[in-house]
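Asks: quick one: sequence and predicted model below, then my questions.
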Amino acid sequence: MVKGSALAALLVVATLLFGPAAPPAAAATCTGSTGPGIPPPASLPSGIPGFHAQWYGQSGYPTLCPGQQSTATVAYYNAGSQGWVSGRLGQVAYLGTWGPEPGQDQASPLGGDGALGSPSTGWPRYNRIAIQPASYVAPGQVAWFQFTIQAPLVPGYYRLYLRPLIEGATWMEDFGVFWLVTVLNPDGTVPPQPAGVYSPTGSSTLSVPTAAGTFTTHLIKERRSDVTIRTVTANASYCANNCPVKPLDQYATADHAYAAIHGTYLCPPDYAACATKVNSYDYAMYNSDLATWINKPALVGQNGLAIFNGKTATYYRRAYVYAQGPTANDPITAGISMFMLLMQGGAVLDISAEQTAKQTERELKGALGTDDTYVYLVITENASLQESQLVLQALGVKDALNLDGGGTAAMWIQGQYTVGPGRLLPNAILLTKP
């Protein structure tokens, strides 16, 4: 046992030999934040008979530390013919919990009144997230609902789905509104991303949840080892006007394809600006049947590009990198350039500075994508281009190229359309099986 002056002497010697003890490392701190809000739609219906609500925007999704609270706001426009009256059963508007997380009228780990294991965050009830803030919300007025979210203690990703209702009368419209809550690790680092939304092989129609909402998505998914990707055109050489076109099913049957989707943007005959270039397209498309590029000069440009050599896929954010690179003359089996590449290496690309006003509109959006195992033919309903990126990410797609959409959108598998038939097409993408 060391006592008194002997202990002091030992400490002096240790200090001389090794220097003063290092101060303890500062613990990493966790700091929460809130993402950007989601603005309201451009136009809304009104005066619909009965009780009706239209989503009118919401605050951003929070990133929180374990146990931290955050205030959320969502607006609903009274699109019906009847007012919402606080305190009167059959006329008062609430927000209720909805599916898939936590489920209709179920308790949530993100908030509640303390009942059924829910945290006590000031909600009216464990399954009623908020009540209308004003005593009366007339038809044509907007109600701004506020409520408190509390992060669970376990880091991860949580969702709170909600739907407006008139208590004792009816649920109002379901717009797939939800909050995505990211709960950080105690040291402030981001937890691992969850696995992608499950999707079966073959043809399916899915509701895909994303940070921007839930989107109905038409999907054809196959193992890359089981199919061959082919790109085909109706024209055998460059065409500037009145170009040959045909429906998607004719492309598929001509090549004995298993599945097919529409291809690039085109200049349709019903667009006034296309009067002198009807059914033309400004993108390079490899004709797998002819083993040649159509519109090859378009490869020297800023568009995205997907190249296939058998089962091997390569994507370029800028097509000119391929066109001017050392592999430009190597054999390929399929290829398509298009405005623009959406995902690369599992990352959603920032296209905000490049997208057109048309691409920000919500309509059918098409995409061709792959991961290490599967090929994905995708058509997303009522989505902007950036929202379609989030759908692709949620599905687990690693690389993806934008395709046409809107009135051109068409998807075909095993003899029948699942979307479309859409417009007559100057080019298409096919999946064939041995």
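Replies: Okay, I see it. Numbering: from 1, shown residues only.

Asks: low-confidence ranges, this structure, go.
Replies: Counting by pLDDT under 70, the ranges of the chain that qualify are 1-28, 100, 193-195.

Asks: closest to the centroid, which residue in it?
Replies: Most central in the chain under Cα atoms, centre = their mean is L390, positioned 2.0 Å from the mean C-alpha point.

Asks: quick one, phi psi at that one?
Replies: Dihedral pair for L390: phi -70, psi -30, per degrees, to the nearest 10.

Asks: equivalent analysis for the one 10 residues further on, please.
Replies: Here is the backbone geometry of A400 (degrees, to the nearest 10): phi -150, psi 140.

Asks: let's number from 55 now, not from 1
Replies: Will do, 55 is the new start, and the previous item becomes A454.

Asks: that one - how many residues pack around it?
Replies: 28 (other Cβ atoms under 10 Å). From N, CA and C alone the C-beta is placed, and that goes for glycine too.

Asks: and it, bridged to which residues?
Replies: Here A454 sits in beta bridges with M397, G423, as judged by DSSP bridges.

Asks: surely it is in contact with A421?
Replies: Yes: counting by Cβ atoms under 8 Å, A421 is a contact partner of A454 at 5.0 Å.

Asks: now the helices for the stretch 55-204 of the chain?
Replies: Under the criterion DSSP state H, counting those that start in this stretch, helices of the stretch 55-204 of the chain are mapped to 58-72.

Asks: just the strands in it please.
Replies: 87-88, 107-112, 116-118, 123-132, 138-139, 147-152, 182-185, 190-191, 196-204 (DSSP state E, counting those that start in this stretch).

Asks: intersection of neighbour lists for A454 and A421?
Replies: L396, Y430, V432, L446 (Cβ atoms under 8 Å, 6 or more residues apart in numbering).

Asks: among these, which are in helices?
Replies: Residues of these located in helices (DSSP state H): L446.

Asks: burial measure for L216, as a count.
Replies: Counted with other Cβ under 10 Å, residues neighbouring L216 total 25.

Asks: give the contact list for it.
Replies: V128, L149, G150, T151, W152, I183, V231, F232, W233.

Asks: again with W152
Replies: Q158, Y215, L216, R217, D228.

Asks: which of those tops the neighbour count?
Replies: That'd be L216 among the contacts of W152, by other Cβ under 10 Å, with 25 neighbours.

Asks: report the buried residues of the one helix or strand it maps to.
Replies: Assigned by DSSP states H and E, L216 belongs to strand 210-220. For strand 210-220, a neighbour-count test (16 or more other Cβ atoms under 10 Å) marks Y212, R213, L214, Y215, L216, R217, P218, L219, I220 as buried.

Asks: of those, closest to D303?
Replies: Within the buried residues of strand 210-220, proximity to D303 (Cβ to Cβ) peaks at Y215, which comes in at 37.8 Å.

Asks: so what's that closest one bridging to?
Replies: Assigned bridge partners for Y215, using DSSP bridges, are W152, F232.

Asks: any idea how far the closest residue to Y430 other than its chain neighbours is from Q398?
Replies: Spatial nearest neighbour of Y430, excluding adjacent residues (Cβ to Cβ, 6 or more residues apart in numbering): G423 at 4.3 Å. Distance, G423 to Q398, using Cβ to Cβ, to the nearest Å: 11 Å.

Asks: equivalent analysis for A437, please.
Replies: As for A437, its distance to Q398 is 20 Å (criterion: Cβ to Cβ).

Asks: looking at the two, which is more packed in?
Replies: Between A437 and Q398, counted using other Cβ under 10 Å, the more crowded position is A437 (25 against 16).

Asks: for that one, what are phi and psi?
Replies: Torsion angles, degrees, to the nearest 10, at A437: phi -130, psi 150.

Asks: so it touches F269, yeah?
Replies: Yes: with contacts counted by Cβ under 8 Å, A437 reaches F269, the gap being 5.3 Å.

Asks: now the common contact residues for these two.
Replies: Any residue near both A437 and F269 by Cβ under 8 Å, 6+ apart counts here, and that gives V445.

Asks: still on that earlier bit, would you format the contacts of W152 as TSV with distance to T83 included?
Replies: Output for the contacts of W152, formatted as TSV (distance: Cβ to Cβ, whole Å):
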residue	distance to T83
Q158	38
Y215	31
L216	31
R217	37
D228	39
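
Asks: what about T414, neighbour count?
Replies: Residues lying near T414 (other Cβ under 10 Å) number 12.

Asks: what's the local residue count around A311?
Replies: With other Cβ under 10 Å as criterion, A311 counts 24.

Asks: ditto for the one 4 residues further on
Replies: Counted with other Cβ under 10 Å, residues neighbouring I315 total 31.

Asks: out of everything not next to it in sequence, what's closest to it?
Replies: I315 sits nearest to L431 (Cβ to Cβ, 6+ apart), 4.3 Å away.

Asks: surely the one you found and W466 touch.
Replies: No: at 9.6 Å, L431 and W466 do not qualify as touching, with contact defined as Cβ under 8 Å.

Asks: any common contacting residues for those two?
Replies: With Cβ under 8 Å, 6+ apart, L431 and W466 have common neighbours A313, A314, I315.

Asks: mind checking which of those are in strands?
Replies: A313, A314, I315 (DSSP state E).

Asks: residues in contact with the second one?
Replies: Yep, that's A314 we're talking about. A314 touches 302-303, 305-306, 431, 464-467, 482-485, counting by Cβ under 8 Å, 6+ apart.

Asks: now do C293
Replies: Contacts of C293 (Cβ under 8 Å, 6+ apart): N333, S334, P480.

Asks: ok, now how distant is it from A388?
Replies: Taking Cβ to Cβ, one finds C293 at 20 Å from A388.

Asks: please apply the same query to L143.
Replies: In terms of Cβ to Cβ, L143 sits 62 Å off from A388.

Asks: and the two? which has more neighbours close in?
Replies: The neighbour comparison of L143 against A388 (other Cβ under 10 Å) goes to A388, with 21 against 10.

Asks: hang on, isn't the more buried one packed against T287?
Replies: No: applying Cβ under 8 Å as the test, A388 and T287 come out as separate, 11.5 Å apart.
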